[in-house]
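Q: Give me a model of this one.
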Amino acid sequence: MELGDKAVGFLLTIISLSIFTYYTFWVIILPFVESEHFIHQYFLPTEFAILIPVFAGLALLCFLCVFIGLVMLKSNKKKA
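A: Model (predicted):
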């Protein structure tokens, strides 16, 4: 089981670093590249650089609120 956990951790680390690198290049470096350059075809418009993290954060916040609410409801039922 230890090897499986290490493999999953390694995979999650690689995915996180890939997303971080892509987003960093998209937000910090791409605005300084000429708009006619071919590299722009691999990235979404810059407006999405703000919208995607905002919606992901809102989705995470909603999920956490629902999860905490369900845990609180279950703990109240156990007491009664």
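Q: Roughly how far does residue 5 sit from residue 45?
A: 39 Å (CB to CB, to the nearest Å). Every C-beta, even on glycine, is put in place using the N, C-alpha and C of the backbone.
Q: Now do the same for the residue nearest in space to the middle of the chain: its pLDDT.
A: By CA atoms, centre = their mean, the mean C-alpha position of the chain lies nearest to residue 56, the distance being 6.4 Å. On the pLDDT scale, residue 56 is placed at 95.
Q: what do you get for the one 5 residues further on?
A: You'll see residue 61 listed with a pLDDT of 98.
Q: got it, and the one 4 residues further on?
A: As summarised for this prediction, residue 65 has a pLDDT of 97.
Q: Does residue 31 touch residue 46 like I think?
A: Yes - at 7.1 Å, residue 31 counts as touching residue 46 under the criterion of CB atoms under 8 Å.
Q: so where's the longest helix in the chain?
A: Secondary structure of the chain per DSSP state H: the longest helix is helix 48-79.
Q: residues contacting the residue nearest to the centre of the chain?
A: Counting by CB atoms under 8 Å, 6 or more residues apart in numbering, residue 56 makes contact with nothing.
Q: Next one: it from residue 27, what distance?
A: 15 Å.
Q: Residue 17 too?
A: From residue 17 to residue 27 the distance is 16 Å (CB to CB).
Q: what about the two, which has more around it?
A: A direct count of neighbours by other CB atoms under 10 Å for residue 17 and residue 27 places residue 27 higher, at 14 against 10.
Q: And the pLDDT for that one?
A: Note on residue 27: pLDDT of 92.
Q: and what of the one 5 residues further on?
A: With respect to pLDDT, residue 32 scores 92.
Q: got it, and residue 52?
A: Confidence for residue 52, expressed as pLDDT, is 92.
Q: What's the local residue count around it?
A: Around residue 52 there are 12 residues (other CB under 10 Å).
Q: Same check on residue 22?
A: Counted with other CB under 10 Å, residue 22 comes out at 12.
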